[in-house]
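**Student:** Need coordinates for the below:
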Amino acid sequence: MRTMVIQIRSGTMMNMDTNIAVKLARAALDKGYGVRMFGYGEGVTLIKKGQDPKRFPNVGNETKELVEKGLEVVVCETCCKARGIARGEEIEGTKIGSLTNDLSRFVAEGDRMVTLAR
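**Tutor:** Residues are numbered from 1 along each chain as shown. Next up is the predicted model:
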């Protein structure tokens, strides 16, 4: 199976980058790709449980739905700590991990990589 890696470095409320990342992941999954997403910097907010935006898409809910369809989501532990996101606050099925272990594995095993950042 071909695998797409999506690196997201923008926060969920900064702009529409996380929404675009989720839509891209959905389209790739629908086409039969394996999809792995890694959040770095503000991108770690993607996995925060309890998101409740009023005028923006709820990427937390969409992420949870896609994880159930096979999306693998990991975010940087150091970036989480810097933003006050602790283990146990992540959406079920997502993981707080590391650049060296997880992102490097994603890149080594992936066929395509897309980075969304501001």
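**Student:** The residue positioned nearest the centre of the chain bridge partners, please.
**Tutor:** With distances taken as C-alpha atoms, centre = their mean, M37 lies nearest the centre of the chain, 4.3 Å away. With DSSP bridges as the criterion, M37 is bridged to I6, V73.
**Student:** Contact partners for it?
**Tutor:** Listed by C-beta atoms under 8 Å, 6 or more residues apart in numbering, the contact partners of M37 are 5-8, 21, 25, 46, 71-74. In this view, the C-beta of every residue, glycine as well, is placed from N, C-alpha and C.
**Student:** who wins for most neighbours among these?
**Tutor:** I8 (30 neighbours; other C-beta atoms under 10 Å).
**Student:** ok, now how distant is that one from V22?
**Tutor:** Applying C-beta to C-beta, to the nearest Å, the value for I8 to V22 is 9 Å.
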